[in-house]
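Novice: Build me a structure from this.
(one chain, ligands or ions: 1)
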Amino acid sequence: MKIKMPAESLTIKTEVVCPNDTNPVGYLKGGNLVQWMDIAAAVTAQTHTGMICVTAGISEVNFFAPAKVGDILVIEAQPTRAFHSSLEIYVKVALIDITSAKRTLIADAYFTFVASNNNDRSIPIAEISPQSNDEKKQYEQALERKERRKNK
Ligand SMILES: CC(C)(COP(=O)(O)OP(=O)(O)OC[C@H]1O[C@@H](n2cnc3c(N)ncnc32)[C@H](O)[C@@H]1OP(=O)(O)O)[C@@H](O)C(=O)NCCC(=O)NCCS
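Specialist: Below you'll find the model as predicted:
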């Protein structure tokens, strides 16, 4: 079985908040942000597996701070751990202050994708070899999160 490093499938997607993305008080709608996060995670899942993948679940979604029209967001998706046919991906969103280049974390979530090939869903996928301390921590905790989801 092939083994890949998390950074090999890192996806970075940039978005600018436009009027159509916002609610009546001018803040980015949560659903729009989750859609952008889902696309970044899908690219990561498909880059890691080399297969079409579908979203199986989204968990621990947090919105820490609002974004408004004109704000620039950087969405980063990186796999934490691969199981048999599924893959957990951590997605975080930072807002960039263009005057200082400071990044503020405004949202994060865990996405699970399942490799799917013409409805054959028991396809084994490449394993993940975490490198940094953060990646190792995410890798260890991914198993606990998977168990928690199963017991829901
Ligand atoms: C996700 C889906 C493929 C799972 O199918 P299934 O027959 O229940 O799959 P299985 O029970 O055989 O599980 C396959 C893997 O998916 C994982 N899985 C299934 N449902 C899950 C969920 N809700 N959350 C996280 N992981 C899930 C299992 O843990 C298993 O992982 P593993 O093989 O790595 O151990 C199926 O439910 C599906 O097609 N859902 C719709 C997907 C979709 O349309 N997404 C877009 C929504 S808008």
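Novice: Quick one: neighbours of residue 30, just the number.
Specialist: Residues near residue 30, counting by other C-beta atoms under 10 Å, number 13. To be clear about C-beta, it is placed using only N, CA and C from the backbone, and glycine gets the same treatment.
Novice: List the contacts of it.
Specialist: residue 63 (C-beta atoms under 8 Å, 6 or more residues apart in numbering).
Novice: and if we set it to 10 Å?
Specialist: 23, 61, 63, 66, 107 (C-beta atoms under 10 Å, 6 or more residues apart in numbering).
Novice: likewise residue 77?
Specialist: Going by C-beta under 10 Å, 6+ apart, residue 77 touches 9-13, 37-45, 47, 89-93, 109, 111.
Novice: all strands in the protein, in order from the N-terminus.
Specialist: Assigned strands in the chain, in chain order: 3-4, 11-16, 53-63, 72-82, 86-96, 103-115, 127-128 (criterion: DSSP state E).
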